[in-house]
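Novice: A predicted structure for the sequence below; I have some questions about it.
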Amino acid sequence: MDIGIVGLGRMGLNMAIRLSRGGHRVLVSNRSQGPIDTAVEAGAEGTESVGDLIGKLESPRVVWLMLPAGQVTDDHVDEALEYLEDGDILVEGGNTRWTDTLARAERARGRGVHYVDAGVSGGVWGLENGYSIMFGASDHAAERITPVIQTLAPSPEAGWGHVGPTGAGHFTKMVHNGIEYGMMQAFAEGFAILDAKKDWGTNEAGDEITADLDLGQIASLWREGSVVQSWLLDLIAEALVERPGLKAVAPHVPDSGEGRWTVEAAIDLGVPATVIAASLFARFSSRDETQFASRVLSAMRGQFGGHPVKGDSGVDGEYADQISDAGTVEIIPGGVRTEGAASR
């Protein structure tokens, strides 16, 4: 069948290629020309604009937007609706907040256009392995786009589903990504514990035994027969082979929004989501280079217990000079005591 793909990023391009390989007539539109050329080499047809793409599709048309969530998607929805007609279908496959989906679907209905929200998972591996697709739509629109979904999915029978009315696809994908946050954090913490273990007691001669665990070996053996075997674990194992010890990887973890929205939905629905919430906050913590909250905790421990407080070069004000001359700053009731003067 005919389908137009607007947005040829990492996933959009591969989806266009997979659909072309599957025998569909695929028309593509993108801001830059390079991805269009790549898609054309794989069998797709390039177009000059969204309007040009829609004009070349057979009616009733199916247009799939694969764009970043937010204003860029909003703008393209409005642009597409200028050209789409009664009975056409507009599919939105980005990681959009489901409440935004409902608002856009209402605009589409005003033009007689069926709006489909598709949550797509599979990343860069989807081209060869297929994509997990959960979509919300009317029964009519779902039936119409099923051939496209079956081509994108791992198989025509599995890995995809019409999960509910419009909005249900993006809501389901939101929760999917929230679960992903929790799973990733659990793996991260587990491997951090393994990495920290160095001491293995003493030998017969009383000498201390120290050794690092081989994290790559452990990740690999867990991939077969273990209850924690998973695709995420496969990726960990591959990363540990490519970057042993992950020494060159910065501990900075962004979040793309779905984790936040999942926690907000849990609050609205009164559903405990402690693991997902904790994993989201762990990502926040990874990006806080100043860690002011940790400074407050450290200062409190110094005040009530006389515990030493380690300083760093980022501290401002009167303590900076003291810290530059001292390895440790100890905050005590009534003042600050420095110890371990640094060599000049």
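Specialist: Looks like it arrived, so ask away.
Novice: care to break the chain down by domain?
Specialist: 2-174, 220-249, 253-304 (the TED database).
Novice: what mean pLDDT does the longest one have?
Specialist: What that stands for is domain 2-174. For domain 2-174, mean pLDDT rounds to 96.
Novice: circling back to that earlier point, out of the domains of the chain, which is the most enclosed?
Specialist: domain 2-174 (a mean of 19; mean count of other CB atoms under 10 Å). Where you see a C-beta, it was placed from the backbone N, CA and C, and this is true even at glycine.
Novice: end-to-end on it?
Specialist: 29 Å (CA to CA, to the nearest Å).
Novice: Can you list the residue ranges for helices in the stretch 151-300 of the chain?
Specialist: 168-196, 215-222, 231-242, 258-269, 274-286, 292-305 (DSSP state H, counting those that start in this stretch).
Novice: sorry, back to before: out of the domains of the chain, nearest to residue 190?
Specialist: Smallest distance to residue 190 across the domains of the chain (CB to CB): 8.4 Å, for domain 220-249.
Novice: what sits against the nearest residue to residue 10 once chain neighbours are set aside?
Specialist: Closest residue in space to residue 10, ignoring its immediate chain neighbours: residue 124 at 5.7 Å, by CB to CB, 6 or more residues apart in numbering. By CB atoms under 8 Å, 6 or more residues apart in numbering, residue 124 lies in contact with 10, 11, 14.
Novice: Hmm, the last one is touching residue 126, no?
Specialist: The one in question is residue 14. Yes: counting by CB atoms under 8 Å, residue 14 touches residue 126, with 5.8 Å between them.
Novice: gap between the residue nearest the centre of the chain and residue 104?
Specialist: Nearest to the mean C-alpha position of the chain, counting by CA atoms, centre = their mean, stands residue 256 at 5.7 Å. Distance, residue 256 to residue 104, using CB to CB, to the nearest Å: 19 Å.
Novice: Could you check how far the residue lying farthest from the centre of the chain is from residue 211?
Specialist: Most distant residue from the mean C-alpha position of the chain: residue 205, 50.8 Å away (CA atoms, centre = their mean). According to CB to CB, residue 205 and residue 211 sit 16 Å apart.
Novice: again, but for residue 48
Specialist: Counting by CB to CB - residue 48 and residue 211 are separated by 62 Å.
Novice: what about the strands in the chain?
Specialist: 2-6, 25-29, 45-46, 62-65, 89-92, 114-121, 132-136, 160-164, 199-202, 208-210, 326-332, 335-341 (DSSP state E).
Novice: wait, which of these is closest to residue 36?
Specialist: strand 45-46 (4.4 Å).
Novice: what distance separates that closest one from the centre of its chain?
Specialist: Relative to its parent chain, strand 45-46 has a centroid offset of 30 Å by CA atoms, centre = their mean, to the nearest Å.
Novice: Partner strands of it and their direction?
Specialist: strand 25-29 (parallel) (DSSP bridges).
Novice: Show me the contact partners of the strand it pairs with.
Specialist: Against strand 25-29 from outside (CB under 8 Å, 6+ apart): 1-8, 16, 19-20, 35-36, 39-40, 43-50, 52-53, 56-57.
Novice: hmm, 7 Å instead?
Specialist: Contact with strand 25-29 is made by 2-6, 8, 16, 19-20, 36, 39, 44-47, 49-50, 53, 56-57, as judged by CB atoms under 7 Å, 6 or more residues apart in numbering.
Novice: How about stretch 249-259?
Specialist: Residues contacting stretch 249-259 (CB under 7 Å, 6+ apart): 69, 95, 174, 177-178, 181, 243, 276, 279-280, 283, 286-287.
Novice: which residues does the nearest residue to residue 168 once chain neighbours are set aside contact?
Specialist: Spatial nearest neighbour of residue 168, chain neighbours left out: residue 136 (3.6 Å); criterion: CB to CB, 6+ apart. Counting by CB under 7 Å, 6+ apart, residue 136 makes contact with 116, 117, 163, 164, 165, 166, 167, 168, 169, 170.
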